[in-house]
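Peer 1: just need the structure, nothing else, for what follows:
(chains A and B)
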Amino acid sequence: MAENKLKLGIPKGSLQENTLKIFKSAGFDIDVPERGYFLKIDDPEIECFLLRPQEIPRYIEKGKLDLGISGDDWILESKAEIIEVCDLKYAKQEIKKVKWVLAVPENSKIKSVKDLEGKTISTEAVNLVKNYLKKSKVKARVEFSWGTTEVKPPRFADAICDITETGVSLRAHNLKVIDTILVSSTKLITNKQAWQDKWKKEKIKDLALLLQGAVGGEEMVNIMMHIPGTKLNRILKFLPKSPTIKKLIGENWYDIEISCKERETRELIPKLKRIGAQGIVEWPVMKIVP
Amino acid sequence: MKKGKKIKIGIPTRFLLAPTLVIFKAAGYNLEADAADEKAFQARIDDPEIEGFLGRAAEIVRRVGNGTLDAGISSEDRVLENREKVIEICDLDYTRAGIWGKGKIALVVPKTSGIKTLKDLNGKTIITRFPRITKEFLKKYKVSANIEISDVPNESQIGKLVDAGAEFTLTGSALVAYNLKPLAVIMETSAILIANEKSLKDKWKREKIENLAILFKGARLAQEYSGLMLHASDEMMEEVLKVLPALKKPTVTQLRGENWFDVLTVANKKEIRNIIPKLKKIGCTDIVEFPLNKVVI
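Peer 2: Below you'll find the model as predicted:
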């Protein structure tokens, strides 16, 4: 089986840190050499490359890579024909969504997409913007931007379309958002050839299972607590389903263990403490495979 | 929950920010606050019922005092310095990143100084960021000295421009670096969760703040604790239970069809260093230590 290798593209840049983290929880250690693009992964069946997420969909389409991670934005932008294996949406990213927004200077007369008729829009995602304009039935000039797009208006462009997470950079450049054109999420993608190869398909499916387990585990925790027998029924009523219950030897106390979403602990733990649970301990989960 | 109800809480910038972020995360909240961007002012928290604002610890005391914030994390020394009426909800027991526990505010003098006792400070000049606390302390000992107010650490000036200082110290390394020695400890200090008196009269706000306190304290305690799991045979059990700490009763489960037991407990990480070799000697197998998010006793 030594012949069989899966070529995997890992996105360089903003998706890199989370991607490596998910792989680590999934059980794969990836070593990123400084200034290197050939990554070391502790699985002899995988060959790993660090590439810009903009390029990964294209290389997958062409069969240079079998599998990769990229965002919806770059998959759409590259118009690459790929197969989406699964979503790797990071639950904890919730407040930091990758949004592509249309922005104009604060004092601009442009109030909505309709006002863009005949204007110039600067962006790194030309196709995304063209599609959006087409849908809105607006004709405007879309110019490719090599970066630092937010400094271009008003001199070099009337409007921009750029990624924003917090809006700080837009505010700093006196820009206001007039529309969101895409909320992007992270995807595991492959191509037809790989999907038809029995060995590769199986390997990819196994990987997807572990990666999704890691993403799911990221938002789950285990809780263990001691509960007096007199309060057992009351507490069981509001616990998530199927707790593990053990009676403590020789006492009217029970040990209860549950898995639940980390978010739910905010409400659950204070409630448990008020009712009389003792020794409440919460610990993180690595993977959840339903 | 009533729709649209919110509490406003203050998140401290500077030294207190890094450990505060750790505690929020372990408590189950995603808090985004860029330490380098104090101007950003608003901290983002993934809870629609909480609005977070960044500010200096002293500012947070004032704003919680006058009710513009419902609650906040500040430090004991800032509460005493500012004299605002705030209610202490709980002690979070940290002051700096990396080392959990309380710091001290101490009167310090150069190692070679002629000042040997508090009395020797009479008529001398003391520089400090904690003028009120220092004055009150000296008054108690009937010492009268000139207090010079500063708002930065002053180790480098003591012994050169001024006779003494009242400084914050955690590890004592700054004192060593500047050849200073502590003369007396004025107080111990750490981060605390404080709330506005009126906000606590609102039932919804009170519960929200108290719930936060439970989660923060649980998160804080978990920084020093780990979970411990092991297998022990029937004959070992008595000895094993003697070795394990009593913070929380261990959970013991019999392994199916065997004379062996699965034991699960939590213990202080520093204790665990000593416990694991002991358990090994007793004959325990499959000893696993794992990290915790929260410990609520």
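Peer 1: the longest helix seen in chain B packs against which elements?
Peer 2: Of all the segments of type helix in chain B, defined by DSSP state H, the longest one is helix B:203-222. With contacts taken as 3 or more CB pairs under 8 Å, 6 or more residues apart in numbering or on different chains; DSSP states H and E, helix B:203-222 sits against helix A:262-275, strand A:278-284, strand B:7-12, helix B:17-27, strand B:87-91, strand B:191-195, helix B:197-201, strand B:294-296. Any C-beta I mention is one placed from the backbone N, CA and C, and that applies to glycine too.
Peer 1: 7 Å instead, please
Peer 2: For helix B:203-222, the packing partners by 3 or more CB pairs under 7 Å, 6 or more residues apart in numbering or on different chains; DSSP states H and E come out as helix A:262-275, strand B:7-12, helix B:17-27, strand B:87-91, strand B:191-195, strand B:294-296.
Peer 1: quick check: bridge partners of the closest residue in space to residue B:45 that isn't next to it in sequence?
Peer 2: The spatial neighbour of residue B:45 that comes closest, neighbours along the chain excluded (CB to CB, 6 or more residues apart in numbering or on different chains), is residue B:52 at 4.7 Å. Beta-bridge partners for residue B:52, by DSSP bridges, are residue B:9, residue B:43.
Peer 1: let me see the contact set for residue B:52.
Peer 2: For residue B:52, the contact set (CB atoms under 7 Å, 6 or more residues apart in numbering or on different chains) comprises B:9, B:11, B:31, B:42-45.
Peer 1: buried among those? Make that a ChimeraX selection.
Peer 2: Restricted to buried positions by 16 or more other CB atoms under 10 Å in any protein chain shown, the ChimeraX selection for these reads:
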select /B:9,11,31,43,45
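Peer 1: quick check: the farthest pair among the contacts of residue B:52?
Peer 2: Within the contacts of residue B:52, B:9 and B:44 form the most distant pair, 12.5 Å apart (CB to CB).
Peer 1: residue contacts, residue B:8?
Peer 2: B:51, B:53, B:69-70.
Peer 1: could you rerun that using 10 Å?
Peer 2: B:50-53, B:63-64, B:67-72, B:196, B:199, B:205 (CB atoms under 10 Å, 6 or more residues apart in numbering or on different chains).
Peer 1: using PDB, list the CA coordinates for the longest helix of chain B.
Peer 2: Written as PDB, here are the backbone C-alpha positions of helix B:203-222 (Å, rounded to 0.1, in the frame of the first residue of the first chain):
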ATOM      1  CA  LYS B 203     -33.300  40.400  39.600                       C
ATOM      2  CA  TRP B 204     -32.400  39.400  36.100                       C
ATOM      3  CA  LYS B 205     -29.100  41.300  36.200                       C
ATOM      4  CA  ARG B 206     -28.200  39.900  39.600                       C
ATOM      5  CA  GLU B 207     -28.700  36.400  38.500                       C
ATOM      6  CA  LYS B 208     -26.700  36.900  35.300                       C
ATOM      7  CA  ILE B 209     -23.800  38.400  37.300                       C
ATOM      8  CA  GLU B 210     -23.900  35.700  39.900                       C
ATOM      9  CA  ASN B 211     -23.900  33.000  37.100                       C
ATOM     10  CA  LEU B 212     -20.900  34.700  35.600                       C
ATOM     11  CA  ALA B 213     -19.200  34.600  39.000                       C
ATOM     12  CA  ILE B 214     -19.800  30.800  39.300                       C
ATOM     13  CA  LEU B 215     -18.400  30.200  35.800                       C
ATOM     14  CA  PHE B 216     -15.400  32.500  36.300                       C
ATOM     15  CA  LYS B 217     -14.500  30.900  39.700                       C
ATOM     16  CA  GLY B 218     -15.000  27.400  38.200                       C
ATOM     17  CA  ALA B 219     -12.700  28.400  35.300                       C
ATOM     18  CA  ARG B 220     -10.200  29.900  37.600                       C
ATOM     19  CA  LEU B 221      -9.900  26.900  39.800                       C
ATOM     20  CA  ALA B 222      -9.600  24.600  36.800                       C
END
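Peer 1: how about it: buried residues?
Peer 2: Within helix B:203-222, judged by 16+ other CB under 10 Å, the buried ones are B:205-206, B:208-222.
Peer 1: for chain B, give me the ranges with low pLDDT.
Peer 2: Flagging of chain B using pLDDT under 70 yields the residue ranges B:1-3, B:34-40, B:246-248.
Peer 1: all helices for the stretch 51-200 of chain A, in order.
Peer 2: With helices called from DSSP state H, counting those that start in this stretch, the stretch 51-200 of chain A shows them at A:56-61, A:72-78, A:126-135, A:168-172, A:192-196, A:198-218.
Peer 1: now do chain B
Peer 2: Counting by DSSP H, the helices of chain B are B:17-27, B:57-66, B:76-82, B:131-140, B:173-177, B:197-201, B:203-222, B:237-243, B:269-282.
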